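got a sequence here, can you model it:
(one chain, ligands or ions: 2)
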Amino acid sequence: MDTETLFSVLPIKQVTGTLPMTVTDIAVDSRAVNAGGVFVCITGFTVDGHDFVEKAVENGARVIVASKPVQVDLEKVAVITVENTARAIGLLAPRFYGYPSKQMTMIGVTGTNGKTSVSGIIHSILLAAEEKSALTGTIGFNLDGTLYETDNTTADVLTTQSMINRAAQEGCNTMTMEVSSHGLVEGRLAGTEFDIAVFTNLTHDHLDFHGTMDNYGHAKGLLFSQLGQDLNQRKFAIINADDAWEERISEMTSFPILSFGIHNDATFRATEIELKADGTTFTLNAPDGEYHVDMKLIGEFSVYNVLAAIAALYAKGMAVEDIIGYLGGIGAVKGRMEIVPTELPLTMYVDYAHSPDAIEKAIAAVLPYKKEGSKLIFLIGTGGNRDRLKRPIMAEKASVADYVILTTDDPRDEPYASIVGELEAGMKHDHYACIGDRTEAVRHAVSIAEAGDMIIFAGKGHEDYQIIGSVKYPHSDAEIALEEAEKKFGTGVVGK
Ligand SMILES: CC(=O)N[C@H]1[C@@H](OP(=O)(O)OP(=O)(O)OC[C@H]2O[C@@H](n3ccc(=O)[nH]c3=O)[C@H](O)[C@@H]2O)O[C@H](CO)[C@@H](O)[C@@H]1O[C@H](C)C(=O)N[C@@H](C)C(=O)N[C@H](CCC(=O)O)C(=O)O
Ligand SMILES: Nc1ncnc2c1ncn2[C@@H]1O[C@H](COP(=O)(O)OP(=O)(O)OP(=O)(O)O)[C@@H](O)[C@H]1O
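Ligands and ions are numbered 1, 2, ... in the order given. All right, here's what the predicted structure looks like:
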C-alpha cells in the first residue's frame, strides 16, 4: 500500500528517516513482521512493544510507529512518532484493509452471557439458508463453515480487520462478531462499522477489569454508540427488554430498537413457553404476527438467545417464517448445555457457565427434569488470577444443586486452595467436595453418581485445555467423565 494513503490517517508528531513509497504489511507483534512492513509498538499489560523494535527490524520492518524514542538505523528504517500507538493502530488497521466492514452486514453481539450462543445461532441459520457467513468469537473464526483458532473472544484490532477483510474477500455477506467489554474498552473494534448491535444481558462478571458494574455497563454500551449518527443508514439495536440495563443501553443509540423478551412488552416476545428435557416450544409474537416455535435448545435462557437471534436476522431482512424453519434443525451450541453422548443411565452436560447468572440459568434449565429420588451434581471451578469477587456468588448459585464439586478452571499461578476456598465461602449447604485438581474433581462427580442422576460440568464448555502456570495442558471434562462412567457402569458408552 502507498505510505501517503496509509499514514495520512494518523495525527503524526514527527517523522524521522525517509518513508518508503509503499509498505507491504502492518504488524503489532515483532515476530509477525514481514519484509517491507510497518511495526507498531504497543505498550501492553505484560511487555512493551517498543522493546522489540530490534527484532522487528531484523525481520524486515521498514517503518516503525512509536510513542517513545527507539534506536534504529535511520538510513534503513523510518520512525513515525505519535502520541498513542494503541489509537494509531486503530486508525491504521481499517485503512490498510480498506474498511472491509462496509462491504458486509456486520452484526455485533455483546452482553455478559449468551454472546457465543446468540452469534452461533445466527451463523447456523445463515449457513442453513445457504448464505455465505462468517463468525468470530470465543470458539474461533468460522469462515463459512471452516473454523480457525483465535486467542481472544474479540481479537486485537489488526487481527479483527484482517478477519473481516478475509470474510469480505471470500464473498461472505454477513459477519457476526462476539463483542467483549474488554474489546470495546481497548479499541479492538476501531473502524468496524456495525449494522446491527445486540445486547443480551448484564450481570456480575469481569469486575477485576472494569471495577464497577457502572463501568462494565458503560463498556457494553460502546457497541451501541458505535452504530454512529448517520441515520440515513439502515441500522438496528436489538435489546433485551427484560434486562435492568435495557433503558441505559437504549439511550446509547438513535437507531431503531427491536426489543425482545418474555416478561415485558417487546417487539419479539415469547409466550406460552413449554420447557422440555430435550427441547422447547413457544409462541413468538413478532411484528408481523404469531408463530409457533419448536426447537431443540433447552432452558429459558435459550429462549432469550433465540429471540435475540430472530430479531437480528429479521433486522437483516430475513422473513420470520424462514428463520423459524431453519431454527428447528439447530442443535446445542458447542459446549453450551451440550449432552455428553452415552447410553448409560446418567445424563451429563458440558457447559460454559462461569458467571453467577449463567450458573443459575444452567441449573434452572435441567432441574425440572430431575427424576424423583435422583440428584443433580454440579461441578464448577473458577480461573486463577481473575475476578475473585464473583467466586462465593458462583458457589451460592451452584448450591441449588443437590451436590456441588468446587474445583479450578484454568488456575494459572494461583494455588488451588485459595481458588476453592473462596468458592467454598458461598456454599449454602454442606453436600459438597473441594477438589482442586479438575481431573480428580470430574472423576469424583461420576464416582458419586447413581443411575438416573444428572451431572453438569460447568466452566470449560468447548475448551479442550486447562491452563496451569502458563502452560496449556490438554483437558476434556467429557472424556474423563466417559472413562470414569465406563469403569463404574460398565460398557455401553457411546461417543468415544
Ligand atoms: C488484559 C488484556 O486485555 N490482555 C490482552 C493484551 O495483552 P497484553 O497487553 O498483555 O500484551 P503484551 O503481551 O503485553 O504485548 C504488548 C505488545 O507487545 C508485542 N510483542 C510481544 C512480544 C514479542 O516478542 N514481540 C512483540 O512485539 C505484542 O504483540 C503486543 O502488541 O493484548 C493481547 C493481544 O491483543 C491480548 O491477547 C490479551 O488478552 C489476554 C490473552 C486476555 O486474557 N484478555 C482477557 C482479559 C480478554 O480480553 N477477554 C475478553 C473476553 C471476556 C469475556 O469472557 O467476555 C476477550 O475479548 O477475549
Ligand atoms: N442468555 C443467557 N443468559 C444467562 N445465561 C446464559 C445465556 N446464554 C447462555 N448462558 C449460560 O452462559 C454460558 C455461556 O454462554 P455463552 O458462551 O453463549 O456466553 P458468552 O457471553 O459468549 O460467554 P463468554 O463471554 O464467557 O464467552 C452457557 O454455557 C450457559 O450456561
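
ligand 2 contacts on this structure?
Contact residues, the chain versus ligand 2 (CB under 6 Å from any ligand atom): 111, 113-117, 138, 153, 178, 200-201, 301, 304-305, 336, 351-353, 357-358, 361-362, 461. Any C-beta I mention is one placed from the backbone N, CA and C, and that applies to glycine too.

please list the members of those residues that lie in strands.
Among the residues of the chain next to ligand 2, DSSP state E puts Glu178, Asp351 in strands.

show the pLDDT at the residue lying closest to Val33 once chain neighbours are set aside.
The spatially closest residue to Val33, leaving aside those adjacent along the chain, is Asn59, at 4.1 Å (CB to CB, 6 or more residues apart in numbering). pLDDT recorded at Asn59 is 96.

use 836 as the first number from now on
I'll keep to 836 as the first residue from here, and by that count the last item is Asn894.

ok, and of the residues of the chain next to ligand 2, which contact ligand 1?
By CB under 6 Å from any ligand atom, the members of the residues of the chain next to ligand 2 lying near ligand 1 are Thr988.

closest residue of the stretch 1186-1331 of the chain to ligand 2?
Closest contact between the stretch 1186-1331 of the chain and ligand 2, by CB to the nearest ligand atom, is at Ala1193 (3.1 Å).

and that residue, how many neighbours does it have?
When neighbours are defined as other CB atoms under 10 Å, Ala1193 has 24 of them.

and if you look at the one 5 residues further on?
Residues near Ile1198, counting by other CB under 10 Å, number 22.

could you do Ala901 as well?
21.

now it: how far from Asp883?
Separation of Ala901 from Asp883 (CB to CB, to the nearest Å) stands at 10 Å.

and for those two, which residues touch both?
By CB atoms under 8 Å, 6 or more residues apart in numbering, Ala901 and Asp883 have these common neighbours: Cys876.

picking up where we left off before, which among the residues of the chain next to ligand 2 count as buried?
Among these, those buried by neighbour count (16 or more other CB atoms under 10 Å) are 946, 948-952, 973, 988, 1013, 1035-1036, 1136, 1139-1140, 1171, 1186-1188, 1192-1193, 1196-1197, 1296.

shaky segments in this structure?
1326-1331 (pLDDT under 70).

Thr1118 contacts Gly1124, correct?
No - under the criterion of CB atoms under 8 Å, Thr1118 makes no contact with Gly1124, lying 10.6 Å away.

got the buried residues for the helix or strand harbouring Arg1083?
Taking DSSP states H and E as the definition, Arg1083 sits inside helix 1081-1085. Neighbour-count burial for helix 1081-1085, counted by 16+ other CB under 10 Å, picks out Glu1081, Arg1083, Ile1084, Ser1085.

tell me which of those residues is nearest to Ile1283?
Distance to Ile1283 across the buried residues of helix 1081-1085 (CB to CB) is lowest for Glu1081, with 42.0 Å.

excluding chain neighbours, what is closest to the closest one?
Nearest to Glu1081 is Ile1074, by CB to CB, 6+ apart, at 5.7 Å.

if I pick that neighbour, what's in contact with it?
Ile1074 sits next to Val1033, Phe1034, Glu1081, Ile1084, Ser1085, Ile1092, Leu1093, Ser1094, Phe1095 when contact means CB under 8 Å, 6+ apart.

same thing but 7 Å
Going by CB atoms under 7 Å, 6 or more residues apart in numbering, Ile1074 touches Phe1034, Glu1081, Ile1084, Ser1085, Ile1092, Ser1094.

and the last one, that's in a helix?
No - the assignment for Ser1094 by DSSP: H, G, I helix; E, B strand; the rest coil gives strand, which leaves it out of any helix.

quick one: it and ligand 1, what's the gap?
Ser1094 sits 23 Å away from ligand 1, going by CB to the nearest ligand atom, to the nearest Å.

I'd say that residue and Arg1104 touch.
No - between Ser1094 and Arg1104 there is no contact under CB atoms under 7 Å: 8.4 Å.

got the buried residues for the helix or strand hosting the residue nearest to Glu1081?
With secondary structure defined by DSSP H and E, Ile1074 is part of strand 1071-1075. Residues Phe1071, Ala1072, Ile1073, Ile1074, Asn1075 are the ones in strand 1071-1075 that count as buried (16+ other CB under 10 Å).

that one - which strands sit beside it in the sheet, and in what orientation?
In the sheet containing strand 1071-1075, its partner strands are strand 1031-1034 (parallel), strand 1092-1096 (parallel), by DSSP bridges.

tell me how far the first one lies from the chain's centre.
On the basis of CA atoms, centre = their mean, to the nearest Å, strand 1031-1034 sits 14 Å off its chain's mean C-alpha point.

same check on the longest one?
Its chain's average C-alpha position is 21 Å from that of strand 1092-1096, according to CA atoms, centre = their mean.

C-terminal to it, what's the next element?
Sequence order places strand 1103-1111 as the next helix or strand after strand 1092-1096, per DSSP H and E.

next, the angle strand 1103-1111 makes with the helix or strand following that next one.
Per DSSP H and E, strand 1103-1111 leads on to strand 1114-1121 as the next helix or strand towards the C-terminus. Angle between the axes of strand 1114-1121 and strand 1103-1111 is 160 degrees (criterion: axes from the mean of the first three to the mean of the last three CA atoms, to 10 degrees).

so what does strand 1114-1121 touch, helix or strand wise?
strand 1103-1111, strand 1124-1130, helix 1135-1151 (3 or more CB pairs under 7 Å, 6 or more residues apart in numbering; DSSP states H and E).

what pairs with that strand, parallel or antiparallel?
Partners of strand 1114-1121 in the sheet, by DSSP bridges, are strand 1103-1111 (antiparallel), strand 1124-1130 (antiparallel).

so what does the residue lying farthest from the centre of the chain have for phi and psi?
Taking CA atoms, centre = their mean, the residue of the chain most remote from its mean C-alpha position is Glu910, at 44.9 Å. Recorded main-chain torsions at Glu910 are phi -70, psi -30, according to degrees, to the nearest 10.
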